[in-house]
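In: could you work out the structure for the sequence below:
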Amino acid sequence: MARLKTITSKDQVAAKDHAAFDSIVASRGSVHGPFTMFLHSPEIAGRVAHLANMCASRGRWTCVCACSRR
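Out: Numbering: from 1, shown residues only. Here you go, the predicted structure:
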């Protein structure tokens, strides 16, 4: 049994966090996978989504180098 409920619809997040939900849906088509849990912390969900988009658009090696440097 999961400790947290999965977030799959916009009405499950607070109104102030709808922008984070919308940006994930816009980039992925729906909320699925780890984002169903990340949205319990919308700031983290937004940052992870941004990093994933950066990796997809710039190539994996650029992203690996950027992450390992920090």
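In: by contact count, what packs against the helix or strand that contains His50?
Out: Per DSSP states H and E: His50 is located in helix 42-58. If contacts are counted by 3 or more C-beta pairs under 8 Å, 6 or more residues apart in numbering; DSSP states H and E, helix 42-58 sits against helix 18-28, helix 35-38, helix 60-69. In this view, the C-beta of every residue, glycine as well, is placed from N, C-alpha and C.
In: go with 6 Å
Out: helix 18-28, helix 35-38 (3 or more C-beta pairs under 6 Å, 6 or more residues apart in numbering; DSSP states H and E).
In: output these as JSON lines; include the columns distance to Gln12, mean neighbour count and mean pLDDT.
Out: Rendered in JSON lines, the data for those read as follows (distance: least, C-beta to C-beta, whole Å; neighbours: other C-beta atoms under 10 Å; pLDDT from 0 to 100):
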{"stretch": "helix 18-28", "distance to Gln12": "9", "mean neighbour count": "15", "mean pLDDT": "90"}
{"stretch": "helix 35-38", "distance to Gln12": "10", "mean neighbour count": "19", "mean pLDDT": "92"}
